[in-house]
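Chemist: My questions are about this predicted structure, shown below with the sequence.
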Protein chains: 2
Amino acid sequence: MSKANRGFEVIPGGVTAVPGFIAAGVAAGIKKIDSPKKDVAVIFTRYAAKAAAVFTTNKVKAAPIFVTREHLAGGIARAVVVNSGNANACTGEQGMRDARRMASLTGELLGIGPREVIVASTGVIGVPLPMDRVEAGILQAVRDLSETGGASAAQAIMTTDTRPKEVAVRLELQGHPVAIGAMAKGSGMIHPNMATMLGFIATDAAISQPLLQSALRQVVGETFNMLTVDGDTSTNDMVAVMANGAAGNPEISGPGEDYDLFVQALGYVCAQLARMIARDGEGATKLVTVQVRQAPGVEDARKAAKAVANSNLVKTAIFGADANWGRVLTAVGYSGAEFDPAKVDIFLAGERETEQVAGDGAGLRFDEEKARSILEGDEVTIVIDLHAGGAEATAWTCDLSYDYVRINADYRT
Amino acid sequence: MSKANRGFEVIPGGVTAVPGFIAAGVAAGIKKIDSPKKDVAVIFTRYAAKAAAVFTTNKVKAAPIFVTREHLAGGIARAVVVNSGNANACTGEQGMRDARRMASLTGELLGIGPREVIVASTGVIGVPLPMDRVEAGILQAVRDLSETGGASAAQAIMTTDTRPKEVAVRLELQGHPVAIGAMAKGSGMIHPNMATMLGFIATDAAISQPLLQSALRQVVGETFNMLTVDGDTSTNDMVAVMANGAAGNPEISGPGEDYDLFVQALGYVCAQLARMIARDGEGATKLVTVQVRQAPGVEDARKAAKAVANSNLVKTAIFGADANWGRVLTAVGYSGAEFDPAKVDIFLAGERETEQVAGDGAGLRFDEEKARSILEGDEVTIVIDLHAGGAEATAWTCDLSYDYVRINADYRT
């Protein structure tokens, strides 16, 4: 997407780049007692907001997922409370009570109803929340809420993330400037299904709740879900959006140009966060983008792109800068996508160069040096042309390195 | 299965432990010119044999898969020819010609028809076979065929395997001693879909072709396929069996006690090979067995066991001897199996000790020292009791170590 064609511009900041939203992140000792690492975040909108969310499809769901789903049944919310360091998953009835308590305390302190609060947790599974510290953290975070607090909130939701993830854009709807700002966490991208992905999006757009929900669902399908294999999600995954209408644009209440512009900008925000998550994958040394072109249908394109992005063998080959296109083609082969193996072309692309490594399903005599130089870059794109139709899809991942093993071999203890 | 209850006994050797079968493995310079590493194997039965096979479900199939499928259409075979070091996959028309040539040359030298030859290849994808060396290797292997050649044949099909894999058993059918002997290769078990798994089974049982095929299909579903995720297979996977009837037992031509005994013994042979492959997984430091009990159906049990066995996060935790049962439960959660998360019990078992780490879907206060000592053993079993029915399944895998990354980061070049 060239900047010239975008219907929006990128602006600094994250959730608090949006008028009416304040936020904070504090260190409450949940990750580690007396550690300066932030682990409780609160986001608050001064004005009533429409809200929508998508949740993990895992049969094993963490307590905050149940509580938030219940709270969002009415389609409105005013606040988000999140802790990191503990997932509050597989914690039984106590976990449900704790998640409800996080919401009710946040609501009390902010003067809103408990059901207007979105609750989320991320971290270790199966350990009860240290509620004294969680409550003290919420109290402090609410005190610290500010119009510049987005960055500290983004820090407070990190687990194995090495950097906070924020993005914001501004667009115009019927002459009214509208902002969308967001933050996310997630870094266990090798088997993304297990890496809790949290995303919180703020906007001052006026939009009806059903359209907000449908925009979110569409965009998540093209972005965050392309970091994962279908149905493979953690116990805690959640992406939530609040739209407070403060921009004063005529409410988007049906399909049309305004809705399309909003979806386009929201899609950019989520794609950027997805790329940031992939690039920050546990142990990652580079961002890997997989583009599938000319697939018979979007589902074929998505299956093929995700199978390649999920292949350990493709990812270790990229870590080793080895142009092993056979592993790419094999992953497409077991993806379930419809295609003719004898028609597939595969290209490797870096930031400046492109090299075709396979044509018509067979290896080409390619420039090994050039391929290696592409694979040694910070960003590698694998382009797979199926020559089987008009659909396309993009998936994001990272390489698989020694550090992935180091990070995950002893995460819990 | 206790030895007392088995209808068979384990005997030394592999394919040539079976009367009437001779074999050889030779170094032909396919893996590396002038290397002493064996890379061409031939197995031959002196008597006509019924044959059956199962093949990869990958849409991208190597040339020898097409050729062997065609050759086995009549249900008979006399020989197997295999090369390692080159998969003859994604090699176009030339690859088909080369696979046919391997069969025709082998047949010529053995005085049998080309269609009586099973052809297989394993190794790097997308590079044409060095046919001069392959042909010289076949010539040498046929010259070397002997009744003690099973071990050298098993060595010649290895790629990243660190040891050859052979097993043989003897059973009795209607008073006639019957042998089943087999060899296999495969070691890229982390994403098993990509790791070519080859298995060749010899038996002197007299059995009709349709029953041989159905026995093989059933046993592979319970053993080799439990090393993999459904549909995730390499371009070259193949398991083939030849039954030459030399034992003189009344031909097994329908269901009954003889068929059941044969299937039980064949199942043991394939399960042992599957365990050997898992234990020899690339970079593996231990064998991991995942047992799912009390599932509503066999498919649920298999899905759950395979999801856990395929989880990078479970495998890295086991490498780190970290009793991270939350990752186990989460994998069951996204497996697609039917179950109630609140009823799941999880146990870790070593060769001597067992420790329950989760009960009713939540963490227990377990003995961390004991759990660590179990996880530090050579063999770790994860037992998951779903309390949801009467079906069960077992999957095998290995841990995910630094060496997996090292081995796969630069396999091709």
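Modeler: Here it is on my side, so go on.

Chemist: Counting neighbours, which bits of the strand or helix carrying A:Asp132 end up buried?
Modeler: With secondary structure defined by DSSP states H and E, A:Asp132 is part of helix A:131-144. Neighbour-count burial for helix A:131-144, counted by 16 or more other CB atoms under 10 Å in any protein chain shown, picks out A:133-142, A:144. (Glycine included, C-beta is placed from N, CA and C.)

Chemist: just stretch A:338-351 next, same as before
Modeler: Under 16+ other CB under 10 Å, the buried positions of stretch A:338-351 are A:338-339, A:341, A:344-350.

Chemist: for stretch A:278-298, which positions count as buried?
Modeler: Residues of stretch A:278-298 classed as buried by neighbour count (16+ other CB under 10 Å): A:278-295, A:298.

Chemist: Among the residues you listed, which are located in strands?
Modeler: A:287-295 (DSSP state E).

Chemist: from the buried residues of stretch A:338-351, which is closest to B:Val219?
Modeler: A:Pro341 (29.1 Å; CB to CB).

Chemist: phi, psi of that closest one?
Modeler: phi -50, psi -30 (degrees, to the nearest 10).

Chemist: Show me what the helix holding A:Asp132 is packed against.
Modeler: Counting by 3 or more CB pairs under 8 Å, 6 or more residues apart in numbering or on different chains; DSSP states H and E, the packing neighbours recorded for helix A:131-144 are strand A:21-26, strand A:40-55, strand A:76-86, helix A:92-110.

Chemist: how big is the angle separating the third one from helix A:92-110?
Modeler: In this structure, strand A:76-86 runs at an angle of 130 degrees to helix A:92-110, with axes from the mean of the first three to the mean of the last three CA atoms, to 10 degrees as the basis.

Chemist: Helices of the stretch 251-400 of chain A, start to end?
Modeler: For the stretch 251-400 of chain A, the helices defined by DSSP state H, counting those that start in this stretch cover A:257-279, A:298-309, A:312-319, A:325-334, A:368-375.

Chemist: What is the nearest of the buried residues of helix A:131-144 to chain B?
Modeler: A:Val134 (17.9 Å; CB to the nearest CB).

Chemist: contacting residues around that closest one?
Modeler: A:28, A:30, A:40, A:83, A:98, A:102 (CB atoms under 8 Å, 6 or more residues apart in numbering or on different chains).

Chemist: do that again at 7 Å, thanks
Modeler: A:28, A:30, A:40, A:83, A:102 (CB atoms under 7 Å, 6 or more residues apart in numbering or on different chains).

Chemist: Just the closest of these to B:Ala52, please.
Modeler: A:Asn83 (57.0 Å).

Chemist: A:Ala41 versus that closest one, what's the distance?
Modeler: In this view, A:Asn83 and A:Ala41 are 8 Å apart by CB to CB, to the nearest Å.

Chemist: Repeat that for A:Phe66.
Modeler: Using CB to CB, A:Phe66 is found at 20 Å from A:Ala41.

Chemist: Looking at these two, which one has more neighbours?
Modeler: A:Ala41 (32 against 16; other CB atoms under 10 Å in any protein chain shown).

Chemist: Check what pLDDT the more buried one gets.
Modeler: pLDDT for A:Ala41: 98.

Chemist: Can you give the domain ranges for chain A?
Modeler: A:3-279, A:287-409 (automatic domain parsing).

Chemist: what's the lowest-mean-pLDDT helix or strand in chain A packed up against?
Modeler: Sorting the helices and strands of chain A by mean pLDDT, DSSP states H and E puts helix A:402-409 at the bottom, at a mean of 72. Counting contacts by 3 or more CB pairs under 7 Å, 6 or more residues apart in numbering or on different chains; DSSP states H and E, helix A:402-409 is packed against helix B:312-319, helix B:402-409.

Chemist: mind putting those in TSV, mean neighbour count included?
Modeler: Formatted as TSV, those follow (neighbours: other CB atoms under 10 Å in any protein chain shown):
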stretch	mean neighbour count
helix B:312-319	27
helix B:402-409	22
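
Chemist: now stretch A:326-341: mean pLDDT?
Modeler: The model assigns stretch A:326-341 a mean pLDDT of 92.

Chemist: What's the end-to-end length of that stretch?
Modeler: Start and end residues of stretch A:326-341 are separated by 12 Å (CA to CA, to the nearest Å).

Chemist: List the buried residues in it.
Modeler: A:326-339, A:341.

Chemist: Show me the subset of those residues that also lies near chain B.
Modeler: With CB under 7 Å from any CB of the partner chain as the criterion, the subset of the buried residues of stretch A:326-341 in contact with chain B comprises A:326-327, A:329-330, A:333-334, A:336, A:341.

Chemist: export the residues you listed to JSON lines and tack on distance to A:Glu70?
Modeler: Shown next, in JSON lines, are these (distance: CB to CB, whole Å):
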{"residue": "A:Gly326", "distance to A:Glu70": "49"}
{"residue": "A:Arg327", "distance to A:Glu70": "44"}
{"residue": "A:Leu329", "distance to A:Glu70": "46"}
{"residue": "A:Thr330", "distance to A:Glu70": "44"}
{"residue": "A:Gly333", "distance to A:Glu70": "43"}
{"residue": "A:Tyr334", "distance to A:Glu70": "39"}
{"residue": "A:Gly336", "distance to A:Glu70": "35"}
{"residue": "A:Pro341", "distance to A:Glu70": "48"}
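
Chemist: give me the low-pLDDT residue ranges for chain A?
Modeler: Chain A contains residues with pLDDT under 70 at A:1-5, A:187-195, A:228-233, A:408-413.
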